[in-house]
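Asks: Could you work out the structure for the sequence below:
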Amino acid sequence: MIHIQVRSEAKIPKLKELGVETIQSTLTEMDKLIEAAKRADAVIHTAVDYSDFAGIDSALSKALVQALGAGKKFIYTSGIHVTSLYDGILLTLGQPVQVSGPTATAATT
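Replies: This next block holds a predicted model:
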């Protein structure tokens, strides 16, 4: 099952026709997104909120990685400002991340 976060209620009917479950929320309504991430096998994060780009996106990215837990995929395609968020390790493009406990650390592969 695919779940997609949408901000606009107008997008929901078309997505439901395609068999997609929707989560209507803004990026600051993190509780809804965190609960969905806990049930997910993977999260692809492509959204942005320009009102507080670095603050909201950084907090949401960290929360989603933590909610996913070990062995699950987090794919991030937004800004580069979240790169050094995880235990002070600077992540580079394409570098895998493993979740261990409440934070993520760079994989040693």
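
Asks: which element follows the top helix by length along the chain toward the C-terminus?
Replies: With residue count as the measure and DSSP state H as the assignment, the chain has helix 53-68 as its longest helix. For helix 53-68, the following helix or strand on the C-terminal side (DSSP states H and E) is strand 73-76.

Asks: Export only the CA atoms of that following strand, formatted as PDB.
Replies: Coordinates of the C-alpha atoms in strand 73-76 are reproduced here as PDB (Å, rounded to 0.1, in the frame of the first residue of the first chain):
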ATOM      1  CA  LYS A  73      14.600   3.000   3.900                       C
ATOM      2  CA  PHE A  74      14.500   6.700   4.200                       C
ATOM      3  CA  ILE A  75      15.000   8.500   0.800                       C
ATOM      4  CA  TYR A  76      15.500  12.200   1.100                       C
END
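
Asks: what residues are up against residue 2?
Replies: With contact taken as C-beta atoms under 8 Å, 6 or more residues apart in numbering, residue 2 is in contact with 19-21. Bear in mind the C-beta positions are built from the backbone N, C-alpha and C, glycine included.

Asks: returning to what we had before: quick check: which helices or strands does the longest helix of the chain pack against?
Replies: The criterion is 3 or more C-beta pairs under 8 Å, 6 or more residues apart in numbering; DSSP states H and E, and the helices and strands that helix 53-68 contacts are helix 30-38, strand 42-45, strand 73-76, strand 97-100, strand 103-106.
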